[in-house]
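In: with the sequence up front, the predicted model follows.
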Amino acid sequence: MGDGCINTFAHLKHAKCLTTPSEKFDIGIIGAPFDTATSYRPGARFGPRAIRQASSRQTSFRGFNPRAGINPYASWATIIDCGDIPITPFDNAVALEQMTEAFLELGSRSPPVDENGKGKLMGKPKLITLGGDHSLALPALRALKKIYGREVRVVHFDAHLDTWHPAKYPSAWPSTQSHFNHGSMFWLAGQEGLLSNRSSASNIHAGLRTRLSGTDPSDFVDDSSQNWLRISADDIDDLGGPAGVIKAILDQFSPEDQDPDPVYLSIDIDVLDPAFAPGTGTPEPGGWTTRELIRILRGLVDVLNVVGADVVEVSPAYQGRGEETALAAAQVVYEVLTGMVKRGLKEKEAEKRAERGGGDGEAHDEL
């Protein structure tokens, strides 16, 4: 690709999906340049641009993932870059509506069809959102609830809970609109009935190491009451490394479920230690390495029924000249893409076996 080309993720085809209803895709990359719901350092509105720039060395002709045994850019899936959602920086209520409508419209489309006229992907097209601050998860979950007609389970990688009651952000001038922020969006999602509230189907935090409110662990009590399971950053040592974290997460899902719960994968780049991702709004020392996060994702994405994902809170103004934060985010997107495509292959193979009357027998990749 020449320097004069439009800067898309991994040099993928660019389409103005929101103004081109006829554009079909299996997996769409969409930017959400929004950061006016942050509580500390702003700048994540420039995250989509930085992540795309950092993906420049990813190409379809050199995209083979040796761990997964596939090139996600040259497999069955139609993957395109849909550009950015137009989001106002002046009115968060309008911004929330703009993002919700964009996610709903794009996620409700019919996927492309194969040579036999069948949808290539079982279900609806999937979106990977480049943030943007983490509040964008609320409109994404609102859209997914409507698209799939059921509650969604969230696997959330973050240093912070993001289930805080809005009152935990004290203000002498409280407002209802201020409830929509990047630390309370999962609380709001729970209040709106968007998340699983079944005790046998918890939502999961991974990588936590945040400070809590007040003088006791009541934030954890509130979090548990919202049906969340917590895996701290330190737990990676006690569980025996990435494989132990993978097992702890997968143990919350039933591998025999014929109608698996839809899962939204939400990845705040601050789950990484600031040594690896300083370019973020609320950095917390003591996090995971980039390698650890990638290995954990590799063990999850092609197993879980991931219906959407985000990579958020990349604030390039705070990263070094080598773009380490955006590079990490671009690699995370690549791994999520790979897992989605790999799971699609498994689903297609299972469908063929079912038509032949055969069993499953599919084994998951070993770490």
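Out: Yep, it's here.

In: could you tell me the end-to-end distance of stretch 284-292?
Out: 16 Å (C-alpha to C-alpha, to the nearest Å).

In: mind listing what's buried in that stretch?
Out: 284, 287-290, 292 (16 or more other C-beta atoms under 10 Å). Quick note: C-beta positions are derived from backbone N, CA and C, even for glycine.

In: and the pLDDT for residue 63?
Out: Here the pLDDT value assigned to residue 63 is 95.

In: oh, I was asking about residue 171
Out: So, for residue 171, pLDDT stands at 72.

In: so how far is stretch 58-74 off the chain centroid?
Out: 20 Å (C-alpha atoms, centre = their mean, to the nearest Å).

In: with just CA atoms, put it into PDB.
Out: Presented in PDB, the C-alpha positions along stretch 58-74 are these (Å, rounded to 0.1, in the frame of the first residue of the first chain):
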ATOM      1  CA  GLN A  58      -0.500  -6.300   9.000                       C
ATOM      2  CA  THR A  59      -1.500  -7.300   5.500                       C
ATOM      3  CA  SER A  60      -3.500 -10.000   3.800                       C
ATOM      4  CA  PHE A  61      -0.400 -11.400   2.100                       C
ATOM      5  CA  ARG A  62       1.500 -11.700   5.300                       C
ATOM      6  CA  GLY A  63      -1.200 -12.300   7.800                       C
ATOM      7  CA  PHE A  64      -0.900 -16.100   8.500                       C
ATOM      8  CA  ASN A  65      -1.300 -16.800  12.200                       C
ATOM      9  CA  PRO A  66       0.900 -19.900  12.900                       C
ATOM     10  CA  ARG A  67      -0.800 -20.500  16.300                       C
ATOM     11  CA  ALA A  68      -4.200 -20.800  14.800                       C
ATOM     12  CA  GLY A  69      -3.100 -22.200  11.400                       C
ATOM     13  CA  ILE A  70      -5.000 -19.600   9.400                       C
ATOM     14  CA  ASN A  71      -4.700 -16.200   7.800                       C
ATOM     15  CA  PRO A  72      -7.800 -14.400   9.000                       C
ATOM     16  CA  TYR A  73      -7.500 -11.900   6.200                       C
ATOM     17  CA  ALA A  74      -7.400 -14.600   3.500                       C
END
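
In: in the longest helix seen in the chain, what counts as buried?
Out: Scanning the chain for the helix with the most residues, using DSSP state H, yields helix 324-356. By 16+ other C-beta under 10 Å, the buried positions in helix 324-356 come out as 324-345, 348, 350.

In: check which helices and strands that helix sits against.
Out: Applying 3 or more C-beta pairs under 8 Å, 6 or more residues apart in numbering; DSSP states H and E, we find helix 324-356 packed against strand 27-32, helix 47-54, strand 126-131, strand 263-268, helix 290-298, strand 306-312.

In: report the angle between the longest one and strand 306-312.
Out: Taking axes from the mean of the first three to the mean of the last three C-alpha atoms, to 10 degrees, one finds helix 290-298 and strand 306-312 inclined to each other by 160 degrees.

In: please shift the residue numbers so they start at 21 in all later answers.
Out: In the new numbering, first residue 21, that becomes helix 310-318.

In: quick check: which helices or strands does helix 310-318 pack against?
Out: Going by 3+ C-beta pairs under 8 Å, 6+ apart, helix 310-318 lies up against helix 262-270, helix 344-376.

In: can you flag the weakest of the ones you listed by average pLDDT?
Out: helix 344-376 (a mean of 91).

In: which other helices and strands contact the strand or helix carrying residue 125?
Out: Residue 125 belongs to helix 112-127 when elements are defined using DSSP states H and E. Under the contact criterion of 3+ C-beta pairs under 8 Å, 6+ apart, helix 112-127 touches strand 47-52, strand 146-151, helix 157-168.

In: how about that helix: buried residues?
Out: Result for helix 112-127 [16+ other C-beta under 10 Å]: buried residues 112, 115-116, 118-120, 122-124, 126-127.

In: out of the helices and strands packed on helix 344-376, which is closest to residue 185?
Out: Nearest to residue 185 among the helices and strands packed on helix 344-376 is strand 283-288; the distance by C-beta to C-beta comes to 19.1 Å.

In: can you list contacts of that closest one?
Out: Contact partners of strand 283-288, identified using C-beta atoms under 8 Å, 6 or more residues apart in numbering, comprise 154, 157, 160-161, 164, 172-180, 182, 300, 313, 317, 320-321, 324-333, 352, 356.

In: switch to 7 Å and redo it
Out: 154, 157, 160-161, 164, 172-178, 321, 324-333, 352, 356 (C-beta atoms under 7 Å, 6 or more residues apart in numbering).

In: which parts of it are buried?
Out: 283-288.
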